[in-house]
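Participant: I would like to see how this sequence folds:
(2 chains)
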Amino acid sequence: MKYTPHTETEIKEMLADIGVSSVSELFKDIPESLRTRFFDIPKPFSEYEIIEHFQKIGKKNKTDLLLFTGGGYYDHYIPSAVDALSSRAEFYTAYTPYQPEAAQGTLQSLYEYQTAVCAITGMDAANASLYDGGTGVAEAVLMSFRLTNRNKVIIDGSLNPIYKKILHTYLDNLDFTIIEIPHQNYGTNREKIASLIDDDTASIVVQNPNFFGTIDDFQDIADMIHEKGGLLIQTVYPLSLGMLKTPGETGADITVGDGQSLGNPLSFGGPYFGFIAVKIKHIRQLPGRIVGETEDKNGKRAFVLTLQAREQHIKRHKATSNICSNQNLIALRGLFYLSLIGKKGFQVVASQNYQKAHFTLTELLKIKGVSLKNKNPFFNEFVLELPKNASETVEKMLSKGIAAGIPLSLYTPEDKNALLVSVTEKRTKEEIMKLAETMGEVLWN
Amino acid sequence: MELIYEKSRNGRTGVDFPLLDTPLQETLSEKYLRKEKASLPEVSELDVVRHYTVLSKLNFSVDTHYYPLGSCTMKYNPKATEKVAGLESFNIHPMIPQLPSGENFTQGALEVLYKSEKLLEEITGMDSMCSQPMAGAHGELVGIMLVAAYHKAKGNKKKTVIVPDSSHGTNPASAAMAGYEIITIPSLPNGEMDFDLFKEALNNEVAAVMMTCPNTLGIFETRIKEIADLAHSFDTLMYYDGANLNAIMGKVRPGDLGFDVVHINVHKTFGTPHGGGGPGAGPVGVKKKLIPYLPVPLIGKHTDGTFFLDYNHPESIGKTAPFYGQFGVLIKAYAYILLLGKEGLIDATEKAVLNANYLMKKLKAHYDLPYDRTCMHECVFSAKNQLQHKVHALDIAKYLIDQGIHPPTVYFPLIVKEAIMIEPTETESKETLDWFIDIMIGAAEKAKTNPEVLLNAPFTAPISRPNETKAAREINVNYFFKK
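Facilitator: Numbers count the residues shown, from 1 in each chain, chains lettered A, B, ... in the order given. Prediction:
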C-alpha cells in the first residue's frame, strides 16, 4: 500500500522543472560507498491483509481475564463520547499549537484541561501534560532542585515502585541524592522522615493513596518540610480525588500523577499521560508547555502557548526540561472524561471504587487464613496476607481466567504471601463473588 | 468561545454509572474527605460533544489542511493503522506479562513489539532497538543516558557533548539533563557542520556528537563518515537524531554512517498521528557495544519462538518508562511499515525528496535561499528580501493561514535569519504543491505591493493575532484561579 499520489507524468514534469534526469540524482550527496545495498523489509501488505494480520496476532493475547490488577494502572469505564471526540481528525492529525490562529481548538481544550487538573487537585496552575506519572515524578523532583538550589530528595517507600525506578534512572548521572525511607506497615514512616529532613533537603515525595492503596493526610509532613525550607511533592491517583482531600488542601507544593485512570485504556502500558500542577509562585519552573488565556488584537478571547522562555526550543540547554511533544491527545481524553462525568459523576465513580473494594475485602476475609495488611483506611486497593505463596496463587488464578492482583514479591521478595488487590467500579458483585469463591478454592482445595 | 465551565448548569449531569450493586460498606472518616466537590462542569453529554466538536473545527490538521511544517514530517496518517491500534485484543493490563506465567497471556502484544524493533533495526542499521522512550526528546534523553553509562563503565572521564548550531533545541537540552556541558559548532556557508572547528573542539572529554542527518537545513552532511571516524578515535560516540529519517529510508542507514545511538520519531517517519502535540514514541537503537545498558525490560524471543520480558541486563540504565513504551503508538508504526513494505518506504523517501526539491526550485526566484544546493526532504528559505518591505517570516506565516495552509516552521533553524522551513512530505500531490507555490509567490508579491495584507493577517481565522505579552504578564492558565 502506497500513500504517494504521484503519476509517472508528474514525476517527469517535476524532474524536468528541477533540472535533473532522475530521482536518484537528488541523492547524490550521499556517498556511494555508504549506500544501503540490502534492505531486508518485507513486501507491502494491502489494507485488507494488514487488518487480518493484526487480528490474527491479537488472538494470541488472552484478554478476557477478570481484572483485579491495579498497581497504579486501572480498568475503569470509558464513556463512548471520549473515543468519539478523540477520533476527531482535527484533534488527532494536528500538531503542536505553535500557530495559535490555526490551533484555537487544541489551545482552548488544553486551557480547559489545565483548569480541570487544578480543579481536581486543588492546585493553582498545571502544565499541558507530561509523558506519564513516573517521568512526572522525576520532572517534579528536578523542579524542586531548581526551586530550592538544594540537592537531596527524600522518597517515601510506599511510592509506586515504577516511579522510584524511573526517578533513579533520571538522577543517576546528576549530582543529586535520593534517600528512600522504607514503608512501615504499608504506610509512611513519619518518624524516620522527620529525622532525615535537613537544610539540604529539596523535597519529600509522598503518594496518596499510596502504592498499597493506603489513604493518608500529609499536612504534618508538609509542615515539617516547609519549616526547613523544602517542598512537598505529592503524587495522586486522580480518580480518588472524587472523594479524598486534595494535595492542595494538604500542603503540597507540586502535585503529579498518571492520568491513565481518566478515560484512557490500559493499552499494554501506553500511551498514558502525566499531569503536574503547582502553587502559582512556582509556575516559572514548570517543565513543558503551558497554555494561557489572552486577547487577540480585536479584544477577542484567545489562547496561546505562554511562558515559552522556559522551553528547549528557546533556551536550549538552559531549559527547564528537554520535553517537546507531550501527550496532548491523551490529556484531552482526560478532559473529555472529566467533562462527561462532571462534578457529580466524579464523586460517584470514586465512591463506587471505594465501596466495591471494601465489599471485595469483606468477601475475601471470609477465606480461612486471609488477612488485611493495611493499618490505615484504603481507597480501591489493599494488601492481603494469604495463607500461601501469593505468586503461586496468582498463577493458579490466572489459569482460571482471573487476574487476582499483584504479588508484592515482584518488588520485595520477602513479601512472599502478600497480594495487592485492586477493584474498580467496573467489577460487578457477581464478578467479586467469583473472585472470592475461586480464591478460596485455589487456596484450600 | 465560551469555556465548558461557563456552560455548566447546577444539577445537570452527563454520563452516568450503574447503581451500586454491592451492599454499602463503612464510610471513610471525614478527616480524609475533600471539603468541596471539584469544580468540574455540570453539563449533558450533548453539551460536551458539541462543545469539543465545535472547538476541533477551529484547528488546522493534516486531514483538513496542507501542513508543510518543517522538521515535523506532517505526512498523511493512514486510517488502517488507527483501526489496527483500536483492536480490543491489544487492550491489556501491562502488569499481566510480569505475573507468573503471565507472558503466555500477552504473546501477541510482545510479538508486535519484538517484530517492530527488528524492522527498525534494519531500517536504521543498528544492532538492537528498545521501544521504551515515549517521544523523540525522551528518546534523546535515554540515548544520552546510554552514552553516559557506556563511558562510566569504561572509566572514561567525559564532560561535554558537541552539537552543531543547526541542531534541534532538544539535543542540547537532553544532553544537559544527563549532566553534560554543551559545545556548539558553527555551520559552514554550505550548510554543513564546520569540520575544521569540529576537529579543534574534539578531545578526550567529549562524550558524544549529536547530529541530525540530513541536518535541519535539509542538507546531507557529506563528511559524516569522516566526522564519525574522527569522533571514534577519541572514544566519542555518535548520536543520531532521527527527526529527519524520512529523507533516507532505504538509501542509507545511520548505522552505516558510523552512528552508535539513534532515536526515531515514529510520529514523523512512520506516519503515526501527531495528536496535536503527542503522543509520539521515540524508540532508541544502539550498536552492539551499547546493548548492555539499554533500559529493561527488553523484549526477548525464546528458541521455541515465544516472546518474553528480558530483565537479564545487570548493566542496564534501568527503567525509563512505566512499561514497554507507547504501545498504542508503536503498533501503528509497525502496521505502517508493513503496509508500505520495502518498496513503499523507499518510495516515501524518494517522493519526499522530490517534492522538497521541486518546491525549492520553484520558490527560489522569490525568496532568498541561503543554502542553494540539492536538498533532501526539506528546504529552508529566508524572508530577508521581504524584510525590506518590513514584512517578516511571521507575517507570511499568518497570511498562509488566511489561504487555508498551515504555515511552515518559522524562525528555525536559529542560524537562518527570518527562516521559513518547508517540509512538503511525500503524501502531497503536485497540484497541492503548485497551489502552495502560487500562494507563496503571491505573498512575495504582496510584500512589495500591499504589505498590509500580510502585516495584519490573518483576517479569516477564528482569532486575529493574539497578545502574547499580555499572556505572559497577566498569567491566566486556570479558569478558577483567583489572584
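
Participant: Pull up the gap between the residue in the stretch 151-300 of chain A positioned nearest to chain B and residue A:42, please.
Facilitator: As assessed by Cβ to the nearest Cβ, chain B sits closest to residue A:269 within the stretch 151-300 of chain A, at 2.7 Å. Heads up, the C-betas are built off the backbone N, CA and C, glycines and all. According to Cβ to Cβ, to the nearest Å, residue A:269 and residue A:42 sit 26 Å apart.

Participant: now swap in residue B:287 and tell me
Facilitator: 24 Å.

Participant: Residue A:269 and residue A:42: which is more packed in?
Facilitator: The residue with more neighbours, out of residue A:269 and residue A:42, is residue A:269; 27 against 11, by other Cβ atoms under 10 Å in any protein chain shown.

Participant: Tell me which residues touch that one, please.
Facilitator: A:73, B:94, B:321, B:322, B:323, B:324, B:325, B:327 (Cβ atoms under 8 Å, 6 or more residues apart in numbering or on different chains).

Participant: the domain parsing of chain B - what is it?
Facilitator: B:4-20+B:31-49, B:81-338, B:344-464 (automatic domain parsing).

Participant: want to throw those domains into JSON lines with distance to residue A:143, mean neighbour count and mean pLDDT?
Facilitator: Formatted as JSON lines, these follow (distance: least, Cβ to Cβ, whole Å; neighbours: other Cβ atoms under 10 Å in any protein chain shown; pLDDT from 0 to 100):
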{"stretch": "domain B:4-20+B:31-49", "distance to residue A:143": "24", "mean neighbour count": "16", "mean pLDDT": "97"}
{"stretch": "domain B:81-338", "distance to residue A:143": "12", "mean neighbour count": "22", "mean pLDDT": "97"}
{"stretch": "domain B:344-464", "distance to residue A:143": "26", "mean neighbour count": "21", "mean pLDDT": "98"}
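
Participant: Leaving out the residues flanking it, which one is nearest to residue A:182?
Facilitator: residue A:157 (4.2 Å; Cβ to Cβ, 6 or more residues apart in numbering or on different chains).

Participant: got a pLDDT number for residue A:173?
Facilitator: pLDDT, residue A:173: 89.

Participant: could you pull out the strands for the stretch 251-400 of chain A?
Facilitator: A:254-258, A:274-278, A:291-295, A:301-305, A:371-372, A:381-385 (DSSP state E, counting those that start in this stretch).

Participant: Including mean neighbour count and mean pLDDT, could those go into CSV?
Facilitator: Formatted as CSV, the strands of the stretch 251-400 of chain A follow (neighbours: other Cβ atoms under 10 Å in any protein chain shown; pLDDT from 0 to 100):
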stretch, mean neighbour count, mean pLDDT
strand A:254-258, 31, 98
strand A:274-278, 29, 98
strand A:291-295, 23, 98
strand A:301-305, 24, 98
strand A:371-372, 14, 98
strand A:381-385, 24, 98
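
Participant: JSON lines for these, including distance to chain B?
Facilitator: Putting the strands of the stretch 251-400 of chain A into JSON lines (distance: least, Cβ to the nearest Cβ, whole Å) gives the following:
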{"stretch": "strand A:254-258", "distance to chain B": "7"}
{"stretch": "strand A:274-278", "distance to chain B": "9"}
{"stretch": "strand A:291-295", "distance to chain B": "4"}
{"stretch": "strand A:301-305", "distance to chain B": "4"}
{"stretch": "strand A:371-372", "distance to chain B": "13"}
{"stretch": "strand A:381-385", "distance to chain B": "12"}
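
Participant: of those strands, which approaches residue B:100 most closely?
Facilitator: With Cβ to Cβ, the closest approach to residue B:100 among the strands of the stretch 251-400 of chain A belongs to strand A:381-385: 16.7 Å.

Participant: before we move on, the earlier item: specify the local secondary structure of the spatially closest residue to the residue of the stretch 151-300 of chain A closest to chain B that is not a sequence neighbour.
Facilitator: Spatially, and ignoring its direct neighbours in sequence, residue A:269 is nearest to residue B:323 (2.7 Å; Cβ to Cβ, 6+ apart). Assigned by DSSP: H, G, I helix; E, B strand; the rest coil, the conformation of residue B:323 is coil.

Participant: residues in contact with residue B:323?
Facilitator: Applying Cβ under 8 Å, 6+ apart to residue B:323 gives the contacts A:268, A:269, A:270, B:94.

Participant: ok, now residue A:338?
Facilitator: By Cβ under 8 Å, 6+ apart, the neighbours of residue A:338 are A:116, A:120, A:262, A:263, A:346, B:40.

Participant: Please repeat the previous calculation with a cut-off of 10 Å.
Facilitator: A:82, A:112-113, A:115-117, A:119-120, A:238-239, A:259, A:262-263, A:345-346, B:4, B:14, B:38, B:40-41, B:48 (Cβ atoms under 10 Å, 6 or more residues apart in numbering or on different chains).

Participant: I'd like to know which of the residues you listed are part of helices.
Facilitator: Of the contacts of residue A:338, the ones assigned to helices by DSSP state H are A:82, A:112, A:113, A:115, A:116, A:117, A:119, A:120, A:345, A:346, B:48.

Participant: Tell me where the model's unsure across chain A.
Facilitator: For chain A, no stretch is flagged by pLDDT under 70.

Participant: if you skip the residues just before and after it, what's nearest to the spatially most central residue of it?
Facilitator: The residue lying closest to the centre of chain A (Cα atoms, centre = their mean) is residue A:258, at 2.5 Å. Nearest residue to residue A:258 in three dimensions, chain neighbours excluded: residue A:133, at 2.9 Å (Cβ to Cβ, 6+ apart).
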